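> Model the following, please.
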Amino acid sequence: YYITNNLRLSIMADRITQLQEETNLLATYMCDSVGVLQNSGVNSEKGKSDIALFSKLISDTSSNINLLIDSLPTEEVSSSNQYNRLLALLKENQEADKELLKTKKLAERQLELIKSASSHIASTQLKIRTELSSKLS
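Numbers count the residues shown, from 1 in each chain. Here you go, the predicted model:
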């Protein structure tokens with residue numbers, strides 16, 4: 001429960017941080033739009049393009065804020081889902097650990113076979129060299 005609760009709080013904190021950033025961005029767009037419109041004028045061509053630009057920025061940022069709010073975990077569902085997910089990950093981890101141990105044992109057996117074959121090859125080469133040396137002498 002402690003791990004699940006901390007994970008839930010971590011996810012919520014991350015989303016809240018994102019929500020704060022988007023809210024700050026929205027405030028920036030709103031303030032900037034007022035300043036730009038005061039400088040360029042609402043009826044000018046530049047003013048109209050600025051209105052369209054800031055309208056889109058403010059609308060997109062508002063949509064992002066709504067998505068972030070909707071994605072905040074709820075107490076009941078989130079804890080239960082996260083707990084089940086943690087159990088599934090734990091099971092996957094245990095299965096991967098078993099598979100790793102099997103692979104390690106197989107690799108160790110293959111290493112022993114290679115060492116044995118290498119030793120046999122080395123002794124055979126030594127034997128052949130010895131026999132060739134004795135025949136040539």
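
> Packing partners of the longest helix that the chain contains?
Assignment by DSSP state H gives helix 75-136 as the longest helix of the chain. On a contact count with 3 or more Cβ pairs under 8 Å, 6 or more residues apart in numbering; DSSP states H and E, helix 75-136 meets helix 2-40. No exception for glycine: its C-beta is placed from N, CA and C like everyone else's.

> From the rest of the structure, what touches stretch 42-55?
By Cβ atoms under 8 Å, 6 or more residues apart in numbering, the residues outside stretch 42-55 that reach it are 29, 32-33, 36-37, 40-41.

> same thing but 7 Å
With Cβ atoms under 7 Å, 6 or more residues apart in numbering as the test, stretch 42-55 has contacts from 29, 33, 36-37, 40-41.

> Give the residue spans of this protein that score low on pLDDT.
Where the chain drops to pLDDT under 70, the residues are 1-13, 73-78.

> 80 instead?
Applying pLDDT under 80 to the chain picks out residues 1-13, 15, 40-44, 72-82, 85, 137.

> buried set for the one helix or strand Ser59 maps to?
Using DSSP states H and E, the secondary-structure element containing Ser59 is helix 45-71. The neighbour-count criterion (16 or more other Cβ atoms under 10 Å) identifies 47, 50, 54, 57, 61, 64-65, 68 as the buried residues of helix 45-71.

> Could you do stretch 32-39 as well?
For stretch 32-39, by 16+ other Cβ under 10 Å, it's 33, 37.

> quick one: it to chain centroid distance?
Its chain's C-alpha centre and that of stretch 32-39 lie 40 Å apart, by Cα atoms, centre = their mean, to the nearest Å.

> Equivalent analysis for stretch 85-98, please.
Distance, centroid of stretch 85-98 to centroid of chain: 18 Å (Cα atoms, centre = their mean).
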